[in-house]
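Participant: Here is a sequence with its predicted model. Questions after.
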Amino acid sequence: MTALALDTNVLVYAEGLVRQPDDDAKVVRSRAVLRQLITARVRPVAPIQVLAELHQVLVRHGGLTPASASHAIGAWRDRTDVVSTDGDVFAGALSLTRDHGLQVFDAIVLAGAAEASCEALLSEDVHDGFVWRGVQVINPFQAAGEARLGRILAR
């Protein structure tokens, strides 16, 4: 079965958080992507870093109380397979920062996706099309990424 990892922004938009004028389209797209995953019977993967970042965004920018944000995170934990950040994931993340210039938190997410044997990471933060340890980064908010995601889900 195909496993796909989700980055923070995909979940932020799915939560309906709008911070910039073009975010409304991303909210619609994120929700559509999650419906596509359900239809294709693909259980999404969420590296723990993603859930931690989502909590912070919901509190800081979404105006939720920490308790309400924690409730939202609990719901995402129930709907995803959560990948912990262990020593191997962190070592991979450090390799990504050193060898490819990724920011450490983005690198932790990508390394977690690799640890979970994901085929792809849905992210707008890491270069669309970048591949590391078999995980292809797909920006679901760009036409090329949307097409690649469609091909993966059609299998």
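Facilitator: Here it is on my side, so go on.
Participant: so what's the residue nearest to Leu54 when sequence neighbours are not counted up against?
Facilitator: Distances taken as CB to CB, 6 or more residues apart in numbering place Leu11 nearest to Leu54, at 5.0 Å, with adjacent residues excluded. C-beta: built from backbone N, CA, C; applies to glycine. Listed by CB atoms under 8 Å, 6 or more residues apart in numbering, the contact partners of Leu11 are 30, 46, 50, 54, 76.
Participant: got it, and Leu149?
Facilitator: Applying CB under 8 Å, 6+ apart, the residues contacting Leu149 are 33, 36, 120, 122, 138, 140.
Participant: Would you list the phi and psi of the second one?
Facilitator: What that stands for is Gln36. Dihedral pair for Gln36: phi -60, psi -40, per degrees, to the nearest 10.
Participant: What of Trp132?
Facilitator: Here the main-chain torsion angles of Trp132 (degrees, to the nearest 10) amount to phi -140, psi 130.
Participant: And it, how far from His55?
Facilitator: Computed as CB to CB, to the nearest Å, the Trp132 to His55 distance reads 26 Å.
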